[in-house]
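**Student:** need a structure here:
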Amino acid sequence: FRKVADHIVALDSLRTFIPQELSNISWAYATANESHPKLFNKLADAVIRSQNEFTSQGIAIVLWSFATNGQIDQHLFKALAPTAKTLLRSCNDQGLINIAWSYAVANESAPSLFNQEFINFCLEKKDEFTLEGLSQLHQWHLWQEELKSNIFLPSILQEKCYEAFISMVPRPSAFQDDVISGLLSIGLEPEEEVLTDRGYRLDALVEVDGSKIGIEVDGPSHFLVRKPTGSTILKHRQVTNVDGVPVVSVPYWEWNELGKNRSNKQQYLRALLGLN
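**Tutor:** Numbering: from 1, shown residues only. As a prediction, this is how the structure comes out:
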């Protein structure tokens, strides 16, 4: 993957690449969890230049790929909003979800794209959305709360999305158990797998000086070369902004570097939570 990406980046331009090729490349790197910022920067320029030639599926895939990969190119998302708007009518259910979720991750306000017309398209396809799609639409709805916009899903669809979002079964890891053990050892009383008011699940919730702090035990799936994925970015931001619970992360590589030294782990957690 890296050799191919380096080759593409070294090209003088991508003018010979058709839109489907550009979307296919972005999709391939996103689904393979391969991070290559220079490649995504070059793809962004090419996509913006040829955006009027894209299909609705192509635009949705590009936006989803950038968001999933954690490549939050604000210029790209801003530039593609008008084109995405014109293509909404031809989007299938997955396309609508991909566009909505991607803009929520990027946190690029697009009121001309997300308006009552968008809500109407969602209502037309409400019975076609998958469980994952409904969950992502719930995150889009939370994003509208973040933005303090006046665009919201109808209550019946809101409830359906919320129920899908909280239906995910948590699977605590040995890594998480070890962090919980460390929190207990410094005198805290962590609550595990806490369901927030807006439906997110926190790995742990502790009280420090009278304030609640969420702790996310972030393993390898939460990162691409030590940079958070789009899903991780979105969760941390929304729990902080919408639920009002500040979140701190315990990245797997930092915890691994502490080895089995209990004292080092205790010191790390105290510093993370401002207890030193």
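
**Student:** helix/strand/coil for residue 255?
**Tutor:** What DSSP: H, G, I helix; E, B strand; the rest coil gives for residue 255 is helix.

**Student:** looking at it, residue 82 is touching residue 112, isn't it?
**Tutor:** Yes - judged on C-beta atoms under 8 Å, residue 82 makes contact with residue 112 at a distance of 7.1 Å. Heads up, the C-betas are built off the backbone N, CA and C, glycines and all.

**Student:** where do the strands sit along this structure?
**Tutor:** Applying DSSP state E to the chain gives strands spanning 191-195, 201-208, 211-218, 223-224, 227-228, 247-251.

**Student:** out of these, nearest to residue 106?
**Tutor:** For the strands of the chain, the distance to residue 106 is smallest for strand 227-228, at 13.3 Å, taking C-beta to C-beta.

**Student:** residue 82: how many residues sit nearby?
**Tutor:** By other C-beta atoms under 10 Å, the residues close to residue 82 number 14.

**Student:** any idea how far residue 118 is from it?
**Tutor:** Separation of residue 82 from residue 118 (C-beta to C-beta, to the nearest Å): 14 Å.

**Student:** same question, residue 48
**Tutor:** Computed as C-beta to C-beta, the residue 48 to residue 118 distance reads 22 Å.

**Student:** looking at these two, which one has more neighbours?
**Tutor:** Between residue 48 and residue 118, counted using other C-beta under 10 Å, the more crowded position is residue 118 (21 against 15).

**Student:** the more buried one: what's it in contact with?
**Tutor:** 88, 96, 100, 151 (C-beta atoms under 8 Å, 6 or more residues apart in numbering).

**Student:** which among those gets closest to residue 261?
**Tutor:** Closest approach between the contacts of residue 118 and residue 261, by C-beta to C-beta: residue 100, at 45.0 Å.

**Student:** show me the contacts for residue 139.
**Tutor:** By C-beta under 8 Å, 6+ apart, the residues touching residue 139 are 101, 104, 165, 234, 238.

**Student:** hmm, try it at 10 Å
**Tutor:** 97, 100-101, 104-105, 161, 165, 198-200, 231, 234-235, 238, 242 (C-beta atoms under 10 Å, 6 or more residues apart in numbering).

**Student:** and residue 262, by the same measure?
**Tutor:** Residues near residue 262 by C-beta under 10 Å, 6+ apart: 181, 182, 185.

**Student:** among these, name the buried ones.
**Tutor:** residue 182 (16 or more other C-beta atoms under 10 Å).

**Student:** counting neighbours, what do you get for residue 169?
**Tutor:** Other residues within reach of residue 169, judged by other C-beta under 10 Å, total 6.

**Student:** need the contact list for it.
**Tutor:** Contacts for residue 169 (C-beta under 10 Å, 6+ apart) come out as 193, 201.

**Student:** pLDDT wise, what is it at?
**Tutor:** For residue 169, the pLDDT comes out at 83.

**Student:** how much space separates it from residue 230?
**Tutor:** The gap separating residue 169 from residue 230 is 22 Å, by C-beta to C-beta.

**Student:** with residue 266 instead?
**Tutor:** 33 Å.

**Student:** mind listing what residue 116 touches?
**Tutor:** 150, 151.

**Student:** now swap in residue 117 and tell me
**Tutor:** Shown in contact with residue 117 (C-beta under 10 Å, 6+ apart): 85, 88, 89.

**Student:** again, only this time at 8 Å
**Tutor:** Residue 117 makes contacts with residue 88, as judged by C-beta under 8 Å, 6+ apart.
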